[in-house]
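# task: produce atomic coordinates for the following.
(2 chains)
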Amino acid sequence: MLESNVIQYRGFHNIEENGKITGFQICIRSDYYRGVWLSQLRPGKVVVDGVTYPKECVIWEINGKDYTVDELAEAGSDFWRITDTATLKIPKEGGLEQGAHTVSVRFAASCSYMPPFMDIFDEDGDDRSFNGGTYTRENMIIV
Amino acid sequence: MEKKIKRGVAIYSYSGEYGRTMNLEDCFKDMYDMGATGIEILANSHIDSYPELSEEYLAEWNRLCQKYNVEPAEYGHWVDTRLYKNRSISMAEAREKLINDFKIANKLGFHILRTKLGVINGELAPVENWREIIKSVLPEAEEYDVVMCPEIHLTTVLADKFVSDYVDFIEETGTKNFGLNIDLSVFQNRFDVPGVVVYNPDCKHSQPEEIIPLLPYVKCIHAKFNKMDDEFNELTIPYGEIIQILKEQGWEGYLLSEYEGEKKDVPGYVSHELRKHHVMLKRMLGY
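Numbers count the residues shown, from 1 in each chain, chains lettered A, B, ... in the order given. As a prediction, the model looks like this:
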């Protein structure tokens, strides 16, 4: 079972590769009631403690496979289930400091059965759309 | 008494809890409490191996249906025509998705599909090439014994042209593999009740009797509800008149309760509202 918040406490940690901290990861669940094909996703920016990580530097891992945002846009046969998390991996030398962080993740998904204007979404902006927005969780702890 | 109209649940209703505080078996257990005998699942939400159907899921599905005396009533799926940001999907892509869903539905024991097409405007008119898309898969729909039913849902009203276009399509092609799912939101005439989630307060609505000429084509009904009071009345949709018409006309099929009100994410809230809704339906149906 997943946590109710879109941004999960579980899965939040720094990424270590060959003995070095190379970045950090955040697990999210979909806020939509149905799973989506990955090309329906509108992945946006990630913000940690006021520092913005543009969408282009975020790697989305879904079903054990890594995607850049450009690769997501083409992945119309791969599927993100509502009972699975996506892991967002962000490169950052040294990772995040030990202690509490405020984390925001912005994304949406297209919705063909609603009027087309409802799909309008600015990945880099701050407004909510019918099926997306910026999700924030405070007090996310790095051990 | 012959029970032509049957009670079921669209487990979309549990979407605020599903995967967090409820799993698939919890939905079945809740339905069993109410004596609901038909289930609607959403393929994209409730099949944990989608877009494939795993042997494990199929076995669990059969176990749950048997244990809780529930039959597959309707399989919800989508043709996401805006699958890609910069182009509509091709016919070949639409066919591939549809046929995959036919196969899964068939294995799970569903015959009626709620086939959600992409739309092009605020009245929710379907994509212009919907006839071509549907025609292209009619042979496979027949092979897998499924009936595709677009859902007629608020903000659409029954008098909208594309509703009669659907009927004309069925008559012209003579197909038995295309029908209608009416969502009772098309009759919603109250938008001012506290606790009702309203997207468009100026929405038009249909009159209950307008459903009569469509009934021969209606394979399934979404018994949409927004707000129950403690005396088991729904406060936004004229249920009494609608159920009376369905009984008089001898309509046969499932009323699938679909909760669209507030507090979906409060544990137990929707289960409680569904119970009230089923008390109402039981009283109106007389069984």
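
# and the strands in chain B?
With strands called from DSSP state E, chain B shows them at B:5-10, B:38-42, B:71-78, B:112-116, B:147-149, B:151-152, B:180-183, B:218-225, B:253-259.

# tell me which of the ones you listed sits nearest to chain A.
Of all the strands of chain B, strand B:112-116 sits nearest to chain A, with 4.8 Å by CB to the nearest CB. Every residue, glycine included, has its C-beta placed from N, CA and C.

# tell me what the closest one is packed against?
Here strand B:112-116 touches strand B:71-78, helix B:91-108, strand B:147-149, strand B:218-225, going by 3 or more CB pairs under 8 Å, 6 or more residues apart in numbering or on different chains; DSSP states H and E.

# is it possible to get a markdown table of the ones you listed that adds mean neighbour count, distance to residue A:28 and mean pLDDT?
Shown next, in a markdown table, are these (neighbours: other CB atoms under 10 Å in any protein chain shown; distance: least, CB to CB, whole Å; pLDDT from 0 to 100):
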| stretch | mean neighbour count | distance to residue A:28 | mean pLDDT |
| --- | --- | --- | --- |
| strand B:71-78 | 23 | 22 | 98 |
| helix B:91-108 | 18 | 25 | 97 |
| strand B:147-149 | 24 | 33 | 98 |
| strand B:218-225 | 24 | 30 | 98 |
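
# tabulate the ones you listed (CSV), appending distance to residue B:190.
Formatted as CSV, the helices and strands packed on strand B:112-116 follow (distance: least, CB to CB, whole Å):
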stretch, distance to residue B:190
strand B:71-78, 26
helix B:91-108, 35
strand B:147-149, 27
strand B:218-225, 12
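
# mean confidence score for stretch A:114-132?
Averaged over stretch A:114-132, pLDDT sits at 91.

# ends of that stretch, how far apart?
End-to-end distance for stretch A:114-132, by CA to CA, to the nearest Å: 14 Å.

# same check, this time on stretch B:248-255
Chord length of stretch B:248-255, first to last residue, is 16 Å (CA to CA).

# right, and the helices and strands packed on strand B:112-116 - which one's nearest residue B:172?
strand B:147-149 (15.7 Å; CB to CB).

# helices or strands next to the closest one in the packing?
Packing partners of strand B:147-149 (3+ CB pairs under 8 Å, 6+ apart): strand B:112-116, helix B:130-143, strand B:218-225.

# each with direction, which strands does the shortest one pair with?
When pairs are called by DSSP bridges, strand B:112-116 turns out to pair with strand B:71-78 (parallel), strand B:147-149 (parallel).

# between the longest one and helix B:91-108, what angle do the directions make?
Put simply, strand B:71-78 runs at 160 degrees to helix B:91-108, going by axes from the mean of the first three to the mean of the last three CA atoms, to 10 degrees.

# dump strand B:71-78 to PDB, restricted to CA.
What follows is strand B:71-78, C-alpha atoms only, in PDB (Å, rounded to 0.1, in the frame of the first residue of the first chain):
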ATOM      1  CA  GLU B  71     -20.300 -11.200 -11.500                       C
ATOM      2  CA  PRO B  72     -18.300  -9.100 -14.000                       C
ATOM      3  CA  ALA B  73     -20.700  -6.400 -15.100                       C
ATOM      4  CA  GLU B  74     -18.700  -3.700 -17.000                       C
ATOM      5  CA  TYR B  75     -15.100  -3.200 -18.000                       C
ATOM      6  CA  GLY B  76     -14.000   0.400 -18.200                       C
ATOM      7  CA  HIS B  77     -11.300   1.200 -20.600                       C
ATOM      8  CA  TRP B  78     -10.100   4.200 -22.700                       C
END
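
# that concludes my questions; thank you for your assistance.
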